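Visitor: Sequence plus the predicted model coming up.
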Amino acid sequence: MWDLRPWLFKPNQPDSVVMEHHLDVIDRTVAKTYAWVDEVASHSGFDDPHRAYGVLRATLHALRDRVEPNVAAHLAAQLPMLVRGIFYEGWDPARTPMRMSVTEFLDRIEKEAGLKSASTVEDGVRAVMALCWDELGEGTMNHLMSVLPSDYAVLL
């Protein structure tokens, strides 16, 4: 049994949690997730990290729901731990794959991310796809693109 007392609120410090322990794996995945958000912001021209996070999340969800569950699971296995959690958030594999044209795919991302224009959405999606290509590698991304309709290539 683990002793969780070091993680709990201390009576003399009611507004803060005193953590006496750090887990490097958690620190690394948080840092990696921030790096992913920063990369999306940089490549899409977003000056707001909340918008960059929103488009990263919405793009991952749309990709996840567009492909077969086994492809989604393979893609998720390549993602950093916290990004993988974002990817799986709210997933119902019984409802996938959802057939979407590129236009429907982009519309879904625009709506989920709360973006205002088609060009903003396309820039954001291209930034996410470029990041995935760089981070996940050619093999994973070629496999993903091979199971998507050929008109999705415009997103690269």
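Guide: That came through fine. Residues are numbered from 1 along each chain as shown.

Visitor: Which helix or strand lies directly C-terminal to the longest helix anywhere in the chain?
Guide: As assigned by DSSP state H, the longest helix anywhere in the chain is helix 24-44. Following helix 24-44 in sequence order, the next helix or strand is helix 49-66 (DSSP states H and E).

Visitor: got the angle between that next one and helix 24-44?
Guide: Relative orientation of helix 49-66 and helix 24-44, computed by axes from the mean of the first three to the mean of the last three CA atoms, to 10 degrees: 100 degrees.

Visitor: Mind listing what's buried along helix 49-66?
Guide: Going by neighbour count (16 or more other CB atoms under 10 Å), the buried part of helix 49-66 is 51-66. Any C-beta I mention is one placed from the backbone N, CA and C, and that applies to glycine too.

Visitor: Which strands or helices does that helix pack on?
Guide: Where contact means 3 or more CB pairs under 8 Å, 6 or more residues apart in numbering; DSSP states H and E, helix 49-66 is packed against helix 24-44, helix 69-77, helix 81-88, helix 102-113, helix 118-136.

Visitor: can you put the ones you listed in TSV and add distance to residue 94 and mean neighbour count?
Guide: Below are the helices and strands packed on helix 49-66 laid out as TSV (distance: least, CB to CB, whole Å; neighbours: other CB atoms under 10 Å):
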stretch	distance to residue 94	mean neighbour count
helix 24-44	28	16
helix 69-77	9	16
helix 81-88	14	17
helix 102-113	18	18
helix 118-136	25	19
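
Visitor: wait, which of these is closest to residue 96?
Guide: helix 69-77 (5.8 Å; CB to CB).

Visitor: how about that closest one as CSV, C-alpha atoms only?
Guide: This file holds the C-alpha atoms of helix 69-77, laid out as CSV (Å, rounded to 0.1, in the frame of the first residue of the first chain):
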residue,chain,number,x,y,z
PRO,A,69,-10.3,1.3,-34.1
ASN,A,70,-7.2,-0.9,-34.7
VAL,A,71,-5.6,2.0,-36.7
ALA,A,72,-6.6,4.5,-34.0
ALA,A,73,-5.0,2.3,-31.3
HIS,A,74,-1.8,1.9,-33.4
LEU,A,75,-1.6,5.7,-33.8
ALA,A,76,-2.3,6.3,-30.1
ALA,A,77,0.5,3.9,-29.1
